[in-house]
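Participant: Fold the following.
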Amino acid sequence: MVEVFRLTGRKLEEELAAATPNAVPPEGAPRGLAGFHSYRNGRDKVDWNTCGTAAIASIADFHSRDPYGLPRPVPGADGRMHWDDGQAIDAIAAAGFGPDVVFGWGTTGGRIRDALRSYGLTADVGHSGLFSRRWRERWTRLQSYVDSGRPVPVLIDLGMVPGGPHFAPHWAVAHDIADGQVRLGNCSWAPVVPVEVFLRAWRCWYLPYGFNHCAVYAFE
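Facilitator: Presented below is the predicted three-dimensional model:
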């Protein structure tokens, strides 16, 4: 019988207990994401499908990569200066790392991975596989990266997040997991959602193979 991904009531508690062992941070990883600066695609009628490109900018800038030499006019809560969101998105797309889903309807994890690799980062894509069978493994790895100070682009269904539109796949950036909640960047309202809500959103059940529990893991 195919295992169905269910997160409700007592089942939720059992699934989470099994899926959240003490994660071991990757050796030599930086600690802390205080004031993490996340880029977002907010220009009306321009950025409707560039959330993946904004996620690329967020991770590249976090790791101090500056492939395009753009000006940095925007002060951040992290005490650093940052690019203008639109300029960063346009530069990344012009370099060949814009949306790559058919008809330009979105960005694959592979495109984000390739962009980050071109900036000298080590990066790979993970997803939960057929029928979301490997979601626990994906969840454990996500926790490990975030707990060790590495933000992670995650493909989520904004319709599962309070304040989000229905059936809207979106590349957010998970940058804090604590006290049973996940903090997400690259969303205009900077949502902080309970783990069980995040896991439902991350499943993206209506998308094809390769997009369920999809994330891009990058480090220097």
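Participant: For Y119, give me phi and psi.
Facilitator: Y119 adopts backbone torsions of phi -90, psi 10, taken as degrees, to the nearest 10.
Participant: before we move on, what about V216?
Facilitator: phi -120, psi 120.
Participant: State the distance from it to R111.
Facilitator: Distance of V216 to R111, given as CB to CB, to the nearest Å: 9 Å. (Each C-beta comes from the backbone N, C-alpha and C, glycine too.)
Participant: which of those two has more neighbours?
Facilitator: V216 (27 against 21; other CB atoms under 10 Å).
Participant: pretty sure that one contacts G109?
Facilitator: Yes - between V216 and G109 there is a contact under CB atoms under 8 Å: 5.1 Å.
Participant: shared neighbours of the two, which are they?
Facilitator: V125, P153 (CB atoms under 8 Å, 6 or more residues apart in numbering).
Participant: for the chain, what helix or strand is lowest in average pLDDT?
Facilitator: helix 9-19 (a mean of 40; mean pLDDT, DSSP states H and E).
Participant: next structured bit after that helix?
Facilitator: Heading C-terminal from helix 9-19, the first helix or strand you meet, by DSSP states H and E, is helix 51-62.
Participant: what's that next one packed up against?
Facilitator: helix 85-92, helix 109-118, strand 152-157, strand 169-178, strand 215-219 (3 or more CB pairs under 8 Å, 6 or more residues apart in numbering; DSSP states H and E).
Participant: List the buried residues in that helix.
Facilitator: C51, G52, T53, A54, A55, I56, A57, S58, I59, A60, D61, F62 (16 or more other CB atoms under 10 Å).
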